[in-house]
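Asks: Give the three-dimensional model of this entry:
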Amino acid sequence: MSDYSGILEIDINYGLVSDELKRILFPTVVWSTLSLRKNRKVVTCNPNERLFVTCMKLIQLAMADQITLDLQAVWDILEQVSDPEIPVLTVTDLGIVRDVKQTADGHVEVVITPTYSGCPAMNTIEVNIRAVLQDHGYDPVQVTTVLSPAWTTDWMTESGKQKLKAYGIAPPEPGNVDKHALFQDDKKVECPRCSSRNTTMIAQFGSTACKSMYRCLDCLEPFDYFKCH
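Replies: Numbering: from 1, shown residues only. Reported below is the predicted structural model:
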C-alpha cells in the first residue's frame, strides 16, 4: 500500500455533487469533512490508497462535464457591478450583459455589448466583472465583447430607467430615436426634477457622449438626458 503523507485536498471549482451520486461513486470519502470556500467544493480525506483513488474519481467527474454552474447566481453577482460613468446603474440595469455561459472547461463566460463602439468605460467594466466574480470564487473568468446586434436603450430595465430619473438624469423615452432632421424642433424631454415638458436642449452632448444637456424652462434647472438609440 502506498504511503501518502499529510492531508490530501481536492479542489473542485464551483461543483455541485448530489448526495446520491456521492454515496454511489465515492463511498469511502468522509463527506462530513466537505467544506465550502467561496463557491468551491473542497474534499479533505485521510490519505490512504483507497481514498486517493476515490478522490481521483471526483476529479475525473469534474473534467467530464458532470459539474454544472449556477448561472443565476452569476447574474445576481453581476448586479453589484456599477457603470463607471453613471454609478447609480449596474451593468444589468443597462442591459450590456447579454449572456452568461459555462465554458467547455467548466468556467464562467460573460458576454457584454458596449453602449456604443469605443465606449471608454468598457475596459473598466470588464475588469470590474472579473474582479467581483473572482471575489466570489469564480476563477478564471472569460469576458467576451460582441458588437452585433448593437446595443439599444430598449435593453435597459425599467428599474434602471427609474434609477436614472431619481438620480436627476432624464431616462430615454421609448420609441423616440434621437435623429434630428435639419431645422427640426428639439425634442421636449420631461424634466426629472419637476416633470415639466417645457424644456429645451442646450447641447447635443452632455457629460458623456450618450447624454444631451437640457434645461427646464419652468424650474430653470439644467439636467442630462440619456439619449435614445
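
Asks: Would you mark the buried spots in stretch 121-134?
Replies: Judged by neighbour count using 16 or more other CB atoms under 10 Å, the buried positions of stretch 121-134 are Ala121, Met122, Ile125, Glu126, Asn128, Ile129, Arg130, Val132, Leu133. Where C-beta positions appear, they are placed from N, C-alpha and C, glycine not excepted.

Asks: Stretch 148-159 too?
Replies: Going by neighbour count (16+ other CB under 10 Å), the buried part of stretch 148-159 is Trp151, Thr153, Trp155, Met156.

Asks: Check stretch 85-98 too.
Replies: Glu85, Ile86, Leu89, Thr90, Val91, Thr92, Asp93, Leu94, Gly95, Ile96, Val97.

Asks: so what's the fourth one scoring on pLDDT?
Replies: So that's Thr90. In this prediction, Thr90 carries a pLDDT score of 97.

Asks: Please identify the nearest residue in space to it, excluding sequence neighbours.
Replies: Nearest non-adjacent residue to Thr90, counting by CB to CB, 6 or more residues apart in numbering: Glu79, 5.2 Å away.

Asks: burial count for that neighbour?
Replies: 13 (other CB atoms under 10 Å).

Asks: could you measure it against Asp139, distance?
Replies: Distance of Glu79 to Asp139, computed by CB to CB, to the nearest Å: 19 Å.

Asks: Out of the buried residues of stretch 85-98, which sit inside helices?
Replies: Val91, Thr92, Asp93, Leu94 (DSSP state H).
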